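Asker: sequence and computational prediction follow.
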Amino acid sequence: MLRPLDAIFQPGDYPDLLVGLGAPDDAAVWRLDDERALVITTDFFTPVVDDPYDYGAIAAANSLSDVYAMGGVPFLALNIAALPPQLPTEIGAGIIQGAAEIARQAGVVIAGGHTVQDKEPKFGLVVIGFVHPQKFLAKGGAQPGDRLVLTKPLGFGVTTTALKREQAEPQDVAEVVGWMKRLNRGAAELALAHHLRAATDITGFSLLGHAGEMAQASDVHLRFEFDRIPFVSCARKYGELWAFPGGAADNRLYFGNPVHFDPRLSEMEQMLLFDPQTSGGLLLAVPAATLPAFLQDAEERGQPAWEIGAVLPGEGIAVI
């Protein structure tokens, strides 16, 4: 479907496009001068929760996340909305308010946007940020010897699917919503403060899907330690109910081939690592010598950070 882009746009014709036409990454990066580059991204999706305000806030945090994953500082956004014509006005207003307040929290102004009618609500943002053209984060910067750090727990997809099936308990939904509304700004600031070069955010392709892209782009092998990986408190409960969204099976089918699992891990535990996340955390590659200071700084800043694995020579992914 995307082959026409390859035929029309050649990377060599756009020397200021630092990221965009080559290996997949989280956002496009366009160099303005020696000190500044633009980071540009867009994302939108159907509702993952019932509350309109929370839906808008989550959608905004998710859209902003791609700029943070590149080490950028977002400053400008546009709404993208597709809303049913019979939708009550207060619901649409709640979605837009939730997004606006998260954007303001991020120091971003929403300066308009575009709305169409559709049978099912869809909402998100176009986001623009600034980054230094030689200091941005990318999927291809991981080096053997680095340690892997995750900044939010997993289990969002399996919980929101349980909600859609009317299986989720209110306190579990509240826990997951709180994480999904949390900006990745602090994680990005921490990464830049310690001069990291490799990152990606964990969203629809799951931990293993996005990690697989990092492994391929960096030409390395990633090893995860399952017992170190953080999950929301209800993830296993809804995993046992097999409340996985359809995207989890798609992720396993598409990204599962280069992954080797310890045989002691159950199928449910494996599926939790293919669970699509909405507004998930950042996966960071941290040099081993930097890790102690990085984790201490994270604690002092109140920024969650879990060491969950390592970068090794080779290819593919192992979960031990």
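Answerer: Alright, I've got the coordinates.

Asker: buried residues in stretch 120-132?
Answerer: 121-131 (16 or more other Cβ atoms under 10 Å). Quick note: C-beta positions are derived from backbone N, CA and C, even for glycine.

Asker: quick one: which helix or strand includes the residue of the chain positioned farthest from its centre?
Answerer: Relative to the centre of the chain, the most outlying C-alpha is that of Q86, 31.9 Å out, by Cα atoms, centre = their mean. Assignment of secondary structure by DSSP states H and E places Q86 within no helix or strand.

Asker: between the buried residues of stretch 120-132, which is nearest I80?
Answerer: Nearest to I80 among the buried residues of stretch 120-132: G124, at 5.0 Å, using Cβ to Cβ.

Asker: who touches that closest one in this structure?
Answerer: By Cβ atoms under 8 Å, 6 or more residues apart in numbering, the residues touching G124 are 42-45, 59-60, 62-63, 79-80.

Asker: hmm, 7 Å instead?
Answerer: By Cβ atoms under 7 Å, 6 or more residues apart in numbering, G124 lies in contact with 42-45, 59, 63, 80.

Asker: now the closest residue to A187 other than its chain neighbours: how far from A188?
Answerer: Nearest residue to A187 in three dimensions, chain neighbours excluded: T151, at 4.1 Å (Cβ to Cβ, 6 or more residues apart in numbering). Distance, T151 to A188, by Cβ to Cβ, to the nearest Å: 9 Å.

Asker: what touches both of those two?
Answerer: Jointly contacting T151 and A188 under the rule Cβ under 7 Å, 6+ apart are L282.

Asker: shaky segments in the stretch 201-320 of the chain?
Answerer: Along the stretch 201-320 of the chain, the model assigns pLDDT under 70 to no residue.

Asker: how about the helices in it?
Answerer: 206-218, 235-240, 246-255, 267-272, 291-301 (DSSP state H, counting those that start in this stretch).

Asker: one more: the stretch 51-200 of the chain?
Answerer: Applying DSSP H, counting those that start in this stretch to the stretch 51-200 of the chain gives helices spanning 52-69, 89-105, 156-164, 170-180, 185-193.

Asker: fine by me, we can end here.
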